[in-house]
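**Student:** Sequence plus predicted model, see below.
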Amino acid sequence: MATERVTTHSDGTTSERIVEQDGGGTTYIDRGGSGMGGLIVGLVVLALVALIAFFLVNQNRNDALRTSAVTSAASTIADSTAGAAKDVGAAANNPAGAVNPK
């Protein structure tokens, strides 16, 4: 009959169980982890994705505000240019030195 010797090592984050059987020459090594490392990495990746999404949405909002401001300024300039053109046309039709008879 074979004797079995089980050795368990644990350093807090991983554990290792070694089963040795005499006579059979077979050694089983079972390495198991707590899974906390994967959970922490997953949370860090999730936080990073959320942070990147926040900055992209904020940048898109700023671009929309900037476009609106430029459009508004261009509209104001177009309106003032149209008004100036009307004034120049009116001045050309009515010379400054003309005397209106009474």
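**Tutor:** Thanks, I have it. Numbers count the residues shown, from 1 in each chain.
**Student:** Give me the below-cutoff pLDDT ranges for this structure.
**Tutor:** The chain contains residues with pLDDT under 70 at 1-35, 95-102.
**Student:** any idea where the strands of this structure begin and end?
**Tutor:** With strands called from DSSP state E, the chain shows them at 4-10, 14-21, 27-33.
**Student:** Could you list the domains of the chain?
**Tutor:** If you go by automatic domain parsing, the domain ranges for the chain are 4-34, 36-85.
**Student:** how near is Phe55 to Arg61?
**Tutor:** For Phe55, the distance to Arg61 (C-beta to C-beta, to the nearest Å) stands at 11 Å. C-beta: built from backbone N, CA, C; applies to glycine.
**Student:** Val70 now?
**Tutor:** 15 Å.
**Student:** cool, Ala85 as well?
**Tutor:** Ala85 is 37 Å from Arg61, by C-beta to C-beta.
**Student:** Val44 too?
**Tutor:** 26 Å.
**Student:** just Asn93 next, same as before
**Tutor:** 49 Å.
**Student:** between those two, who's got more neighbours?
**Tutor:** Taking other C-beta atoms under 10 Å, Asn93 and Arg61 do not tie; Arg61 has more neighbours (10 against 7).
**Student:** And the more buried one, how close does it get to Ser68?
**Tutor:** For Arg61, the distance to Ser68 - C-beta to C-beta - is 11 Å.
**Student:** what's the answer for Asn94, then?
**Tutor:** From Asn94 to Ser68 the distance is 40 Å (C-beta to C-beta).
**Student:** Repeat that for Thr81.
**Tutor:** Thr81 sits 20 Å away from Ser68, going by C-beta to C-beta.
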